[in-house]
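S.K.: Could you look at this predicted model? Sequence included:
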10 protein chains.
Amino acid sequence: MDFLVEIDASRAYELPSDECADLIKRERVRGRELMEENVLRHFWRLPGTRSNIGIWSAPDADKLEQILESLPVKPYANIKVTALASHPMTVNTSSNSHS
Amino acid sequence: MDFLVEIDASRAYELPSDECADLIKRERVRGRELMEENVLRHFWRLPGTRSNIGIWSAPDADKLEQILESLPVKPYANIKVTALASHPMTVNTSSNSHS
Amino acid sequence: MDFLVEIDASRAYELPSDECADLIKRERVRGRELMEENVLRHFWRLPGTRSNIGIWSAPDADKLEQILESLPVKPYANIKVTALASHPMTVNTSSNSHS
Amino acid sequence: MDFLVEIDASRAYELPSDECADLIKRERVRGRELMEENVLRHFWRLPGTRSNIGIWSAPDADKLEQILESLPVKPYANIKVTALASHPMTVNTSSNSHS
Amino acid sequence: MDFLVEIDASRAYELPSDECADLIKRERVRGRELMEENVLRHFWRLPGTRSNIGIWSAPDADKLEQILESLPVKPYANIKVTALASHPMTVNTSSNSHS
Amino acid sequence: MDFLVEIDASRAYELPSDECADLIKRERVRGRELMEENVLRHFWRLPGTRSNIGIWSAPDADKLEQILESLPVKPYANIKVTALASHPMTVNTSSNSHS
Amino acid sequence: MDFLVEIDASRAYELPSDECADLIKRERVRGRELMEENVLRHFWRLPGTRSNIGIWSAPDADKLEQILESLPVKPYANIKVTALASHPMTVNTSSNSHS
Amino acid sequence: MDFLVEIDASRAYELPSDECADLIKRERVRGRELMEENVLRHFWRLPGTRSNIGIWSAPDADKLEQILESLPVKPYANIKVTALASHPMTVNTSSNSHS
Amino acid sequence: MDFLVEIDASRAYELPSDECADLIKRERVRGRELMEENVLRHFWRLPGTRSNIGIWSAPDADKLEQILESLPVKPYANIKVTALASHPMTVNTSSNSHS
Amino acid sequence: MDFLVEIDASRAYELPSDECADLIKRERVRGRELMEENVLRHFWRLPGTRSNIGIWSAPDADKLEQILESLPVKPYANIKVTALASHPMTVNTSSNSHS
């Protein structure tokens, strides 16, 4: 299933700048892994902010929680999760939201 | 997985009283079915209101959506859904949240 | 550019049921056209609600406004639009948010 | 009676890491005791957060307050309490919310 | 235990004036009964509004819910309930909040 | 007249523990004086929090402000004040809200 | 004592236009009386709205409630009342807030 | 001085369609006059909504209120007004916000 | 024109106590000047808080901003400004809001 | 396209005063460049605050994000971005919002 996840990483930027830079670097490595695994499907920056908003796929909330816990930025992030259901229009068609 | 679901049925009570009574009756039949199927696991009345709050189990949000659509009260309900993850303390123990 | 668009169509369901059914039918035709034009890229149902949330692509807000005005459900919809910027991680890579 | 209790323990994670680890350890011991006493009946993690949400049983608010005060994490927690009433559907039936 | 209960009866005043007058009259009869039973201990008008705020005593939320359901104004009221615990200062003293 | 006063003393608990303990001790002495003077008529703990909610009587807001300024905890407290009017049902009766 | 009172009279403008005109006329007569009695001391229109915001003087909330009940617009008004205390700077000086 | 003014005209669209069309037509005539008088300096549609947001210039709030009252859409509009001050960067320069 | 201005000076009280005392003293000198200049017309303490609420007169928002910047407490204050229009009832009468 | 952008720079004023002064100076240099490039078209101070509100033009949200990242004050700013569409009244006319 899919989740809309908004991650506000503002607090990471209050770290000393080298710690912050290292954290962001590790976060991006982890992010790329999750993109390759088709977990982190789409994401965007909310312009002007330290927040991103994205579509994450996981079998259920337990697995999503496990994935979010694996993010280096997690201890510094405020995260909002919204469960998403498939829309009737995208069910049973070839042009669904992931293809 | 589990979901916290708050259902405000206030609008049902704006129906003519016999329609409302019939609706509540059909809602309770459906509710009992869902309890027997271990979908609707626990629920309570928010005192003083026309809202109930409950714990619903479904494999994912698609199945939950399908179940909520099956409720007779659905067209008159305002519903809020929150995805829940297992708590580390209840994982891998015999006293988990459902037993 | 991309926009996060949340469309609450609750008021459409207050129409007489045949008008509502006809409206939903026309809405879906228009939705399919927008999916084929790669305007309406992804969308989901917020479970338990009459709202959907989606990712829409348009050159700018003027074009998006024109597209939203073309929706049959528009007169009955409450719509929230959030502008999205590309995330640094998805820029200049082959696995960007649309491929 | 039952209470819906949301406990945000974010501030505990601002402690030095060994103090935090010790606190969490003691919190879990206390949590297990409360589960065995059928006080803490069900609880979940809100995914992506340091908050849990649970169903607590106590004879009244005084006893609940006393129990919450006994939590090692209490000084670092923001707690919201909602009183719950039994739902008409679960009263006088064998499948009530606790069995 | 005690509950802080805010009752907004605005919708009662949208009834035809004789129905409304009759309702208010019956509400006051019921209110006096509840005062005599030491259930409705204190209450006030929020100035300028159709809301009252009061302190209600009941063994638990189930009994409170039953009492609120007995109010003639209930179908027209928006009600907020907050559970209250005794304050350490008023416990084990002769000058507690009810004497 | 009566006021509903909510006092959140969370910041007091950020003081060094002996300062905090001394402050709470002095606060309780002052609280008892105000109870004896029939100023602080009723109060409760909001369960799970560092807030209390109470009914305070003072001739007017100037006197209430003077009383609140006299609280040792005042510099560390966030306070919300709501003016209360007598309810028509409790006016001109022997069972009014203070007897 | 003084109160900040915000009166939103939007609903009055949903009456048939002659009823509304008559109501406004009676409201202004009552308003002038209250100005002459130094009850309604200052008031303003919130630009673009059907709301006014004003400073009302009354011995206490009971008297204020009685005055607000006397307003012809009361049944159609949403009213917010905030109790005000004298500011230390205006106490014991000749240039206080009312002279 | 300048004001940020947000006008939500949703209620106008609940009028019978010919009345609504006539109202919008008259609103646009008035809008053009105000643009020519340099009162309505800039305005935009909030995409997906019946709201516009604009910059209005008037000597003070009294004159702005008089202008807003002159809008045909006023009885059907929810309007929010924010007073704006010149920014230090645009004061005493030739490239100020209006040239 | 008049403005409703709410000034929350809580942060000033986080200064060392002698700095705070000096700041308050200078603030009051400035306040008295503004009262004598008929700029600061009326103001009150919100009981229980570090906030005052007042009516300020200035030709426009630029002048008000300049005045607010002149307050010693400005760097420590959270300020909310609401533009006020004259009420039709107080226009063209001798008993307007300032006499 | 145009964006309404509100920038709250309060945190910049928590820097040591010389760092803050230097930052503001550099911010104004950058602001002037953006004004000359017709990116920063109009902006105002919200009176009493450290926030400005402005109209920014950029081809899309990506370019706006890049511009906002170029502001010296960015690391200390809380920024809200709202996408704006042209209003039907200003389209295809010579007196549009930018001339």
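M.R.: It's in.
S.K.: Output the longest strand belonging to chain A.
M.R.: strand A:78-86 (DSSP state E).
S.K.: Now A:His87. Nearest residue, chain neighbours left out?
M.R.: Residue nearest to A:His87 in three dimensions, not counting chain neighbours: C:Arg45, with 4.8 Å by CB to CB, 6 or more residues apart in numbering or on different chains. The way it works is simple: take the backbone N, C-alpha and C, and place the C-beta from them, glycine included.
S.K.: Give the burial count for A:Ser57, as a bare number.
M.R.: A:Ser57 has 20 neighbours, counted by other CB atoms under 10 Å in any protein chain shown.
S.K.: who does it bridge with?
M.R.: A:Asp2 (DSSP bridges).
S.K.: next one: A:His42
M.R.: A:Ile55.
S.K.: Run a quick neighbour tally on it.
M.R.: A:His42: 23 neighbours (other CB under 10 Å).
S.K.: ok, now which ones touch it?
M.R.: A:Gly54, A:Ile55, C:His42, C:Ile55, C:Ser97 (CB atoms under 8 Å, 6 or more residues apart in numbering or on different chains).
S.K.: mind checking how far A:Asn78 is from chain C?
M.R.: 17 Å (CB to the nearest CB, to the nearest Å).
S.K.: Test my guess that that residue contacts A:Thr49.
M.R.: No - counting by CB atoms under 8 Å, A:Asn78 stays clear of A:Thr49, with 11.5 Å between them.
S.K.: Pull up the overlap in contacts between these two.
M.R.: By the contact definition CB under 8 Å, 6+ apart, A:Asn78 and A:Thr49 are jointly contacted by A:Asp8, A:Ser10.
S.K.: tell me which parts of chain A are close to chain D?
M.R.: A:Val5, A:Ile7, A:Ala61, A:Leu64, A:Glu65, A:Leu68, A:Pro75, A:Ala77, A:Ile79, A:Lys80, A:Val81 (CB under 8 Å from any CB of the partner chain).
S.K.: Which strand or helix spans the second one?
M.R.: Take DSSP states H and E as the rule and A:Ile7 turns out to sit in strand A:2-8.
S.K.: The fifth one now?
M.R.: Taking DSSP H and E as the definition, one finds A:Glu65 inside helix A:61-69.
S.K.: and that helix, what other elements does it pack with?
M.R.: Counting contacts by 3 or more CB pairs under 8 Å, 6 or more residues apart in numbering or on different chains; DSSP states H and E, helix A:61-69 packs against strand A:2-8, strand A:78-86, strand B:78-86.
S.K.: Quickly check: the helix or strand harbouring A:Met35 near chain C or not.
M.R.: Secondary structure assignment for A:Met35, by DSSP H and E: helix A:17-36. Yes - applying CB under 8 Å from any CB, one finds helix A:17-36 touching chain C at A:Arg28, A:Gly31, A:Arg32, A:Met35, A:Glu36.
S.K.: so how far is A:Arg30 from the last one?
M.R.: So the one you mean is A:Glu36. 11 Å (CB to CB, to the nearest Å).
S.K.: Those two: who's more crowded?
M.R.: Counting neighbours by other CB under 10 Å for A:Glu36 and for A:Arg30 shows that A:Arg30 has the greater number, 16 against 10.
S.K.: picking up where we left off before, send me the strand holding A:Ile7 as PDB with only the CA atoms.
M.R.: The C-alpha atoms that make up strand A:2-8 are tabulated as PDB, following Å, rounded to 0.1, in the frame of the first residue of the first chain:
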ATOM      1  CA  ASP A   2       1.000   3.600  -0.400                       C
ATOM      2  CA  PHE A   3       1.600   6.300   2.200                       C
ATOM      3  CA  LEU A   4       1.900  10.100   1.900                       C
ATOM      4  CA  VAL A   5       4.800  11.000   4.200                       C
ATOM      5  CA  GLU A   6       5.900  14.500   5.000                       C
ATOM      6  CA  ILE A   7       9.300  14.700   6.600                       C
ATOM      7  CA  ASP A   8      10.400  18.000   8.200                       C
END
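S.K.: tell me the mean pLDDT for that strand?
M.R.: For strand A:2-8, mean pLDDT is 98.
S.K.: just to revisit the earlier point, now the longest strand of chain A: average pLDDT?
M.R.: 98.
S.K.: Dump that strand to CSV, restricted to CA.
M.R.: Output of strand A:78-86 as CSV, limited to C-alpha atoms (Å, rounded to 0.1, in the frame of the first residue of the first chain):
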residue,chain,number,x,y,z
ASN,A,78,9.1,15.5,12.4
ILE,A,79,7.2,13.0,10.3
LYS,A,80,3.5,12.9,9.3
VAL,A,81,2.1,9.7,7.8
THR,A,82,-1.2,9.4,5.9
ALA,A,83,-2.5,6.1,4.7
LEU,A,84,-3.7,6.1,1.1
ALA,A,85,-6.2,3.8,-0.6
SER,A,86,-6.2,3.1,-4.3
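S.K.: does any part of it sit near chain J?
M.R.: No - judged by CB under 8 Å from any CB, strand A:78-86 makes no contact with chain J; its nearest approach is 13.5 Å.
S.K.: does chain B sit close to that strand?
M.R.: Yes - using CB under 8 Å from any CB, strand A:78-86 comes into contact with chain B via A:Val81, A:Thr82, A:Ala83, A:Leu84, A:Ala85, A:Ser86.
S.K.: Please tell me how far the closest residue to the second one other than its chain neighbours sits from A:Ile53.
M.R.: Spatial nearest neighbour of A:Thr82, chain neighbours left out: A:Leu4 (4.3 Å); criterion: CB to CB, 6+ apart. A:Leu4 is 7 Å from A:Ile53, where distance means CB to CB.
S.K.: quick one, which of those two is more surrounded?
M.R.: The neighbour comparison of A:Leu4 against A:Ile53 (other CB under 10 Å) goes to A:Ile53, with 21 against 18.
S.K.: So that one belongs to a helix, correct?
M.R.: No - read with DSSP: H, G, I helix; E, B strand; the rest coil, A:Ile53 is strand and lies in no helix.
S.K.: List the contacts of it.
M.R.: A:Leu4, A:Val5, A:Glu6, A:Ile7, A:Phe43, A:Trp44, A:Leu46, C:Leu4, C:Thr82, C:Leu84.
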